[in-house]
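> What shape does this take:
(one chain, ligands or ions: 1)
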Amino acid sequence: MNITICLSGLAPEPWVRGLAQAFPQAAVSVWAPGAPQADHAVVWAPPQQFIDEQPGLKTLFNIGAGVDALLQLKLPPALTVVRLDDAGMSVQMAEYVCHAVIRHFREFDGYDADTQAGQWSFRKPRSRADFAVGVMGLGVLGERVAKALQVFDFPVHGYSRSPKDLPGIRCFSGAPALPEFLAATRVLVNLMPLTPETENILNRRTLSQLQPGGYVINVARGRHLVDDDLITLIDSGHLAGATLDVFRTEPLPANHPFWAHPRITVTPHTSARTLREESIAQIVGKIQALQRGQPINGIVDQQRGY
Ligand SMILES: NC(=O)c1ccc[n+]([C@@H]2O[C@H](COP(=O)([O-])OP(=O)(O)OC[C@H]3O[C@@H](n4cnc5c(N)ncnc54)[C@H](OP(=O)(O)O)[C@@H]3O)[C@@H](O)[C@H]2O)c1
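Okay, here's the model as predicted:
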């Protein structure tokens with residue numbers, strides 16, 4: 001078995017070591033132009049040249065959950081593309097989103113400002129029932145986030161492509177149900193994949209349908225959100241603010257208005273990082289399952305886009 005590693009902008013050596021240790025009989029190497037044919041590849045943002053030079057690949061393991069950038073490449077239709085599923089990401093995402101929701105709900109930004117001003121001020125408790133959280137995307141990450149939010153007794157809604165039945169979560173599915181989902185939501189959490197159907201889905205029309213005082217948490221992809229529409233709706237007072245982890249251009253350009261906006265919190269695409277050891281273990285487990293002829297989770301449907 002031949003495994004090749006092609007990780008743009010990341011050190012490949014620990015991945016080579018981890019896979020070589022798990023498969024001592026295999027040839028595990030870092031890809032370079034002209035490298036021999038491999039059976040499996042572990043990739044992050046590979047160039048088209050890599051795909052073109054490896055027509056014999058059976059499986060391509062992407063070391064992230066989102067495959068939107070990968071699917072922009074011209075891939076052989078028969079190639080099995082596998083995403084990381086969870087591998088330590090869902091708990092990080094749950095932490096991040098719960099933190100953002102609670103910080104907003106409990107007005108901790110206001111208390112920070114009071115601290116800066118040396119002011120002992122008290123804010124009236126707000127009603128949790130008025131802060132329904134709507135999670136768009138109930139996949140590996142969204143479901144974990146929705147369940148984590150339930151622990152704090154927020155009303156939780158979910159929106160997905162296909163119908164779901166999750167205890168205690170009001171589930172909406174399919175585009176016709178989107179207006180009802182948005183109207184029932186005050187805090188919107190985006191955890192959908194970026195596909196032609198979901199690009200720009202957070203725009204003036206949809207965000208206007210959130211409850212007054214709505215709040216947006218985008219942890220999926222920057223291209224889901226129309227930046228100017230968000231700013232317009234915050235400045236008009238319809239939305240209370242936003243926490244954004246992902247952007248159309250990353251790093252977020254220094255002159256982008258999000259940086260200085262007093263009601264927008266920016267983090268540098270850090271809500272759920274790929275954890276190397278967990279990811280290597282998951283890929284090893286999947287290669288072993290494939291060797292035994294068993295099915296694996298996390299296979300990407302190239303037509304569907306996720
Ligand atoms: N910021 C970060 O650090 C970070 C880290 C990891 C991932 N991400 C992003 O998070 C995204 C979600 O990850 P995941 O692992 O949870 O993905 P996933 O398991 O593929 O789940 C995607 C969810 O979105 C739903 N969905 C897809 N297209 C839809 C549409 N057109 N309308 C309504 N719902 C739709 C799916 O519906 P069905 O259930 O019906 O299929 C599914 O529930 C990734 O694609 C990536 O972009 C960000």
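> Could you pick out the residues of the stretch 151-300 of the chain near the ligand for me?
159-162, 191-195, 197-198, 219-221, 245-246, 269, 271-272 (Cβ under 6 Å from any ligand atom). For glycine as for every other residue, the C-beta is placed from the backbone atoms N, C-alpha and C.
> Give me the buried subset of those.
159-161, 191-195, 198, 219-221, 245-246, 269, 271-272 (16 or more other Cβ atoms under 10 Å).
> now, which of those residues lie within strands?
159-160 (DSSP state E).
> Now for residue 256: which residues touch it?
Applying Cβ atoms under 8 Å, 6 or more residues apart in numbering, one finds that residue 256 lies in contact with 227, 247, 249.
> Equivalent analysis for residue 281, please.
Applying Cβ under 8 Å, 6+ apart, we find residue 281 in contact with residue 87.
> do the same with residue 120
Residue 120 sits next to residue 114 when contact means Cβ under 8 Å, 6+ apart.
> Work out for me the element it sits within.
Residue 120 is part of no helix or strand when elements are defined by DSSP states H and E.
> can you tell me how far it sits from residue 111?
According to Cβ to Cβ, to the nearest Å, residue 120 and residue 111 sit 10 Å apart.
> Grab the nearest non-local neighbour of the closest residue to the ligand within the stretch 1-150 of the chain.
Scanning the stretch 1-150 of the chain for proximity to the ligand using Cβ to the nearest ligand atom identifies residue 139 as nearest, at 1.7 Å. Nearest residue to residue 139, sequence neighbours excluded (Cβ to Cβ, 6 or more residues apart in numbering): residue 191, at 7.0 Å.
> Got the confidence number for that neighbour?
Looking at residue 191, its pLDDT is 98.
> One more: residue 69?
With respect to pLDDT, residue 69 scores 96.
> the helices in this protein, which residues?
In the chain, the segments counted as helices under DSSP state H are 13-22, 48-53, 89-105, 108-116, 140-150, 178-183, 204-207, 227-235, 257-260, 276-291.
> where in this structure is pLDDT low?
Residues of the chain meeting the criterion pLDDT under 70: none.
> So which residue is smack in the middle of it?
The C-alpha lying nearest the average C-alpha coordinate of the chain belongs to residue 220 (Cα atoms, centre = their mean; 3.7 Å).
> Look up the closest residue to that residue, ignoring the ones flanking it.
residue 190 (4.7 Å).
> Just among the contacts of residue 256, which is most surrounded?
Within those, most neighbours by other Cβ atoms under 10 Å means residue 247, with 20 neighbours.
> Look up how far the ligand lies from that residue.
Applying Cβ to the nearest ligand atom, to the nearest Å, the value for residue 247 to the ligand is 10 Å.
> cool, and residue 186?
For residue 186, the distance to the ligand - Cβ to the nearest ligand atom - is 19 Å.
> what about that residue, how many neighbours?
Neighbour tally, residue 186, other Cβ under 10 Å: 20.
> Around the nearest residue in space to it that is not next to it in sequence, count how many other residues there are.
Here the nearest residue to residue 186 in space, its sequence neighbours aside, is residue 211; by Cβ to Cβ, 6+ apart that works out to 4.4 Å. Neighbourhood size, residue 211 [other Cβ under 10 Å]: 19.
> Give the full set of residues in contact with residue 173.
Contact analysis of residue 173 by Cβ under 8 Å, 6+ apart lists 159-164.
> Right, I'll call it a day here.
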